[in-house]
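Student: Fold the following, please.
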Amino acid sequence: MSDQSDLALRYEHAFDVRINFDKRWVIAPLPGGGSQGYTSVGADCLVSGPRLNGRLVDFSGADWPLVRADGVVELNAHYMIEADDGALIYIRNQGYVHGPLRAPGDPEDAPSIPRYFRCTPYFRAPVGPHDWLNRTVIVGVGARRPHVEPGDSPDHSLFRYYAIT
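Tutor: Alright, predicted model coming up:
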């Protein structure tokens with residue numbers, strides 16, 4: 001049998017993003033079931049990690065999720081990252097979410113209920129130190145942290161992105 005090492009999947013942690021949400025709207029019901037959502041990016045969203053650091057530009061975009069009749073959420077988000085060096089980077093993030101959210105009344109640090117939250121972002125970065133994003137396949141794992149009760153952290157999601165090497 002031939003050498004299969006070139007078919008092995010290798011990855012490394014690239015960066016994390018915390019997205020705070022601002023506004024949410026839902027258009028429902030849609031023909032055939034489901035709903036169309038709109039969730040805008042809020043302020044104070046951080047980007048941190050070994051390969052990219054900065055913030056999301058406040059109110060720079062939104063997710064337009066389609067909630068299908070089978071309960072699967074199709075993510076379709078667009079927003080801007082401002083790297084620590086001032087470079088602006090466009091991100092289009094698509095993916096799937098399904099499974100239960102944190103139950104009402106659960107504390108913020110309660111163990112997450114198993115769910116599937118995966119995404120595949122694409123980037124447009126200027127020539128320079130961040131242009132590796134333009135030619136690297138990246139996958140993300142997400143976790144929702146909804147605002148459930150007074151005193152909770154703001155409604156947000158956490159993403160960990162991995163560069164496929």
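
Student: List the buried residues in the lowest-mean-pLDDT helix or strand in the chain.
Tutor: Least confident helix or strand, the chain: strand 138-145 with a mean of 93, by mean pLDDT, DSSP states H and E. Of the residues in strand 138-145, 138-140, 142, 144-145 count as buried by neighbour count, 16 or more other Cβ atoms under 10 Å. Any C-beta I mention is one placed from the backbone N, CA and C, and that applies to glycine too.

Student: do stretch 36-52 as well
Tutor: 37, 39, 41-42, 45, 47, 51-52.

Student: returning to what we had before: tell me which of the buried residues of strand 138-145 is nearest to Ile27?
Tutor: Arg144 (20.3 Å; Cβ to Cβ).

Student: out of everything not next to it in sequence, what's closest to that closest one?
Tutor: Of all residues not flanking Arg144 in the chain, Ser157 sits nearest, at 5.2 Å (Cβ to Cβ, 6 or more residues apart in numbering).

Student: The one you found touches Gly142, doesn't it?
Tutor: Yes - Ser157 is within contact range of Gly142, at 5.5 Å (criterion: Cβ atoms under 8 Å).

Student: Spell out the residue ranges of the strands in the protein.
Tutor: 11-27, 35-41, 46-48, 54-56, 62-63, 66-67, 73-83, 88-98, 116-124, 138-145, 156-164 (DSSP state E).

Student: quick one: the residue lying closest to Arg115 once chain neighbours are set aside and Val73, what's the gap?
Tutor: Leaving aside its chain neighbours, Arg115 sits nearest to Gly99 (3.0 Å; criterion: Cβ to Cβ, 6+ apart). As for Gly99, its distance to Val73 is 10 Å (criterion: Cβ to Cβ, to the nearest Å).
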